[in-house]
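**Student:** Below are the sequence and a predicted model for it; my questions follow.
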Amino acid sequence: MQLSAAALSTVINSATDTAIIALDSRGAVLSWNPGAVRLLGWTEEQMRGQTLLRIFPEETNPQARVTEEMTDALSKGRGGHEGWRMRSDGSRFWAVGELTPVTDPAAAPVAFVKVLRDRTQWKVSEDALREEKRTLEVLNRAGATLARENDLAKVVQAVTDAGMEVTGAQFGAFFYNLVNEAGESYTLYTLSGAPRAAFEKFPMPRNTAVFGTTFAGEGIVRSDDITQDPRYGKSAPYHGMPNGHLAVTSYLAVPVVNRASEVIGGLFFGHSQAAVFTERSERSVALLAAEAAIAIDNARLFEAAQREIEERRKAEAALQTLNATLESQVAERTEQLRLHEEALRQAQKMEAVGQLTGGIAHDFNNLLQGIMGNLQLLRKRIGQGAVADLDTYVMRALASTSRAAGLTHRLLAFSRRQPLSPKVVRANPLVLSMQDLLRQTVGEKVELALQLAPGLWTTLCDENQLENAILNLAINARDAMPDGGRLVIGTHNAELDAAYAAALHGVQPGPYVCISVTDTGTGMTAETLAHAFEPFFTTKAVGEGSGLGLSMIYGFARQSEGHARIFSEYGQGTTVRIYLPAHLHAGDSPAQALPAPAATAVSRGEVILVVEDETLVRELVAEVLRDLGYEVLEAHDGLSGLDQLRARERRIDLLITDVGLPGLNGRQVAEAASAERPDLKILFMTGYAETISASQPFASPGMEIMTKPFEVDDMTRRVRALLDGGAERR
């Protein structure tokens, strides 16, 4: 059955989210549906008889674009592009459109139909993901340089260059907050993006009051137009900047503060255009400044240690001439200093890597959550229409976020900041349940033996992480026995006394459960053994190992309040022992799992409070829950969320809160909320869980934790399961 003209007109006019425009053979507008009015702003009366030249920005050569679309439509059956288009009020939006010819002679005088849709949100999300990936690569590269470099000049130059890349500044500089021989401070140390002569003619920066804020450590200064800052131009004799200076409008300055809370310098970036630097620029440079402070301290300590060693060598030579009997004592002292210096330098490098990866993972996970969730919602909306081509982009974005989530999980593991789900674990049944998997993994050449001690204590840890650790150690053992051998996985109870624990930094004496993995493989040299637990250290060929396996096992053990040790003899084999604190309450049982949610996790009239400081994530979670019929309350920080929870007349059935909130963190909000509402169910979200450990589990009754980024469907299932686990609360 064919639609009548009136019915067809009704269908076209009902498409309020899509512009549908009929054109004659010259490109003049014949009809202009309500969707075109809503999307572009002009009324049908204003556009009838007009061409579409006005919707193209001037810089795109509108006449050429319109002609090209009509030509393509006639020759290829379809014309059109995606790109920026203009509204009647001068604003721009990213549009996807196509122009198709009308081949039915009965449709005269209509010659073409133009269909246009607004895809600005998708474009903004795609650009944000691309920029965040680029920023992450720059910060990773800078962090790697800082972790291995002890040359002070190279350290500061690397930080300044990285700051230029992540901010888009025209030039950047680092000034030392030191007094020179002439009694002047704030000495220029390094520069990027401009010739050094452009700064050498400047007076001391103290002559501009706005510089003083940075060197006093009063905080970050970010300005869209620094010339409008009331501190600009206060100090004589220059009252701002001297004649001939580099043009500076956008301005970003971050103090560099060391471990002793001393301002050792400042990072400064400028651009001639206004409003160039964003909050992302500020966060990235703040992270670089923190890493720079550690690296500068490390470089100074290294230089001081080198000077001390040199002085010791001179003293040794002098003592040898005075008293030959002191020779052995001086040599012993010199060796001790060398070992202490190496240990200190390595510890500081490990600290720098851990801080860098932990901070990046936090920000990156928040951004990934927003992008992933919004793309899922976008796919859902598009699935209700007829636009199938965009599904490819959505699936690619989801695949990219999954890979990024895997990367952040590995980074958090070796920095000991991955969220754990500790519960009571019996190691012997766990190892037995893995027996078939282990035999398949190590292959027929390797003999697998289990030596499980009877009466083994229970321990409190993340069961999945322990399984992963045992499997990784088995794979390492297999690779160390290419010609076959014997692999023994054993368990036993261990009591660590005070003397033993004192030799291991951060380990407490007491009862432990020990899981050991022993092979008869190639073993390790003393040098390899000394570096085995370091992140990224591997003896395998390029592409065969990431160097994160043993460091992740070490991080898991330490975060579980235990430790790991390696014993190896070159050519004889290796034993790795994981010590986990014993959980001696044998009657305790693991936390009961939440009841399985119903097939359709829709609302039953419940009210949910979402507390999240990241606006994109908060709005996403709220929208998903509202789509399911829940009433959703929102709070941007812990204090405002707690205010809503304390309103006793307001019904709240479930609290969803981020762990890493500014001010009151998520755990503190949950504790206060539980005091006000003892039956309140709580769902935590986290992308960076530094405070989570085996001694502070989240697995209390009525509480759950999700790791960002998460699937929105998984979140809704957890919400329904938590709500179904208890009676209605008010």
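**Tutor:** Structure's in. What do you need?

**Student:** does the nearest residue in space to K681 that is not next to it in sequence belong to a helix or a strand, and which?
**Tutor:** In this structure, K681 finds its nearest non-sequential neighbour in L722, 4.4 Å apart by CB to CB, 6 or more residues apart in numbering. Where you see a C-beta, it was placed from the backbone N, CA and C, and this is true even at glycine. Using DSSP states H and E, the secondary-structure element containing L722 is helix 712-724.

**Student:** before we move on, back to that, surely the residue nearest to K681 meets P701?
**Tutor:** No: here L722 lies out of contact with P701, judged by CB atoms under 8 Å, at a distance of 10.5 Å.

**Student:** Which neighbours do those two have in common?
**Tutor:** By the contact definition CB atoms under 8 Å, 6 or more residues apart in numbering, L722 and P701 are jointly contacted by no residue.

**Student:** neighbour-wise, which of the two wins?
**Tutor:** Between L722 and P701, counted using other CB atoms under 10 Å, L722 has the larger neighbour count: 24 against 10.

**Student:** if I look at the more buried one, how far off is E316?
**Tutor:** Relative to E316, L722 is positioned 69 Å away (CB to CB, to the nearest Å).

**Student:** Next, P511: secondary structure please.
**Tutor:** Under DSSP: H, G, I helix; E, B strand; the rest coil, the three-state class of P511 is strand.

**Student:** Let me know the distance separating it from V248.
**Tutor:** Distance of P511 to V248, given as CB to CB: 63 Å.

**Student:** all helices of the stretch 351-500 of the chain, in order?
**Tutor:** When assigned using DSSP state H, counting those that start in this stretch, the helices of the stretch 351-500 of the chain occupy the ranges 391-414, 427-433, 435-442, 463-479, 498-502.

**Student:** what about the third one, average pLDDT?
**Tutor:** Read that as helix 435-442. The average pLDDT within helix 435-442 is 86.

**Student:** Flag every buried residue along that helix.
**Tutor:** For helix 435-442, the buried set under the neighbour-count rule, 16 or more other CB atoms under 10 Å, comprises 438, 441-442.

**Student:** And that helix, what does it pack against?
**Tutor:** Counting contacts by 3 or more CB pairs under 8 Å, 6 or more residues apart in numbering; DSSP states H and E, helix 435-442 packs against strand 446-452, helix 463-479.

**Student:** which strands and helices sit next to the longest one?
**Tutor:** Contact here means 3+ CB pairs under 8 Å, 6+ apart; on that basis helix 463-479 packs against strand 423-425, helix 427-433, helix 435-442, strand 485-496, strand 510-519, helix 549-559, strand 573-583.

**Student:** Show me how far that helix is from its chain's centre.
**Tutor:** Shown here is helix 463-479, whose average C-alpha point lies 26 Å from the average C-alpha point of the whole chain (CA atoms, centre = their mean, to the nearest Å).

**Student:** which residues are contacting it?
**Tutor:** By CB under 8 Å, 6+ apart, the surrounding residues in contact with helix 463-479 are 420-421, 423, 425, 427, 430-431, 434, 437-438, 441-443, 446, 487, 489, 515, 517-519, 521, 540, 549-550, 552-553, 556-557, 560, 574, 576, 578, 580.

**Student:** mind showing which ranges of the stretch 101-250 of the chain have poor pLDDT?
**Tutor:** Within the stretch 101-250 of the chain, the stretches falling below the threshold (pLDDT under 70) are 104-109, 127-128, 131-139, 142-143, 146-147, 149-150, 178-189, 195-208, 233-246.

**Student:** rank the helices and strands packed on helix 463-479 by pLDDT, which is bottom?
**Tutor:** Of all the helices and strands packed on helix 463-479, mean pLDDT reaches its minimum on helix 549-559 (a mean of 77).

**Student:** average model confidence for the helix or strand following that one?
**Tutor:** Proceeding N to C from helix 549-559, the next assigned helix or strand is strand 563-569, under DSSP H and E. Confidence over strand 563-569, taken as the mean pLDDT, stands at 87.

**Student:** Going by neighbour count, list what's buried in the helix holding L722.
**Tutor:** Applying a neighbour-count criterion of 16+ other CB under 10 Å, the buried positions in helix 712-724 are 712, 715-723.

**Student:** how about a markdown table for the residues you listed, with pLDDT added?
**Tutor:** Putting these into a markdown table (pLDDT from 0 to 100) gives the following:
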| residue | pLDDT |
| --- | --- |
| V712 | 86 |
| M715 | 90 |
| T716 | 92 |
| R717 | 91 |
| R718 | 90 |
| V719 | 92 |
| R720 | 92 |
| A721 | 89 |
| L722 | 91 |
| L723 | 90 |
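
**Student:** Now the helix or strand containing V254 - C-alpha only, PDB.
**Tutor:** Using DSSP H and E, V254 sits in strand 250-257. Coordinates of each C-alpha in strand 250-257 appear next as PDB, following Å, rounded to 0.1, in the frame of the first residue of the first chain:
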ATOM      1  CA  SER A 250      47.100  32.600  28.300                       C
ATOM      2  CA  TYR A 251      49.200  31.800  31.400                       C
ATOM      3  CA  LEU A 252      49.800  28.700  33.500                       C
ATOM      4  CA  ALA A 253      52.200  28.500  36.400                       C
ATOM      5  CA  VAL A 254      52.700  25.600  38.800                       C
ATOM      6  CA  PRO A 255      55.000  25.500  41.800                       C
ATOM      7  CA  VAL A 256      57.500  22.600  42.200                       C
ATOM      8  CA  VAL A 257      57.500  21.500  45.900                       C
END
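
**Student:** distance between it and the chain's centre?
**Tutor:** Averaging C-alpha positions (CA atoms, centre = their mean) puts strand 250-257 22 Å from its chain's average.

**Student:** by contact count, what packs against that strand?
**Tutor:** With contacts taken as 3+ CB pairs under 8 Å, 6+ apart, strand 250-257 sits against helix 209-215, strand 221-223, strand 263-271, helix 279-322.

**Student:** Out of the ones you listed, which is the most enclosed?
**Tutor:** Comparing these by mean neighbour count (mean count of other CB atoms under 10 Å), strand 263-271 comes out on top with a mean of 24.
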